[in-house]
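No sequence on hand, only this structure:
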């Protein structure tokens, strides 16, 4: 009884047409993942370079001598 019910459910799953769009979305997501992983190295290098420049600029800004009063005037 239970086996035939599982078989009927599997058969209905394979014959449904609306499941095809889910598979298409999965394939599209896999393709996007492949493209993203191929670009992750260059993007990572660029981001690290940008943050390195920001870090250098901030550490240099800390060394600048100011003569202001600190009151905003």
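That came through fine. The structure presented is a predicted model; accordingly, all values stated were derived computationally and were not measured.

distance of residue 38 from residue 31?
Applying CB to CB, to the nearest Å, the value for residue 38 to residue 31 is 11 Å. For every residue, glycine as well, the C-beta is placed using N, CA and C.

How about residue 54?
Taken as CB to CB, the span from residue 54 to residue 31 is 34 Å.

Likewise for residue 15?
26 Å.

what number of residues lie near residue 33?
Counted with other CB atoms under 10 Å, the neighbours of residue 33 add up to 10.

after the host helix or strand of residue 4, next one along is what?
Using DSSP states H and E, residue 4 falls within helix 2-15. Following helix 2-15 in sequence order, the next helix or strand is helix 19-62 (DSSP H and E).

low-confidence ranges in the protein?
The chain contains residues with pLDDT under 70 at 1, 16-20, 62, 64-70, 72-73.

Centre-most residue in it?
Centroid-nearest residue in the chain, with CA atoms, centre = their mean: residue 36, separated by 8.0 Å.

count of residues packed around residue 46?
By other CB under 10 Å, neighbour count at residue 46 equals 10.

Residue 58 now?
Neighbours around residue 58, by other CB under 10 Å: 9.

Please report how far it lies from residue 11.
Distance from residue 58 to residue 11, by CB to CB: 64 Å.

Tell me which other helices or strands the helix holding residue 4 touches.
Using 3 or more CB pairs under 8 Å, 6 or more residues apart in numbering; DSSP states H and E as the contact test, no helix or strand touches helix 2-15.

Centre of the chain to it, how far?
In terms of CA atoms, centre = their mean, to the nearest Å, the gap separating the centre of helix 2-15 from the centre of its chain is 37 Å.
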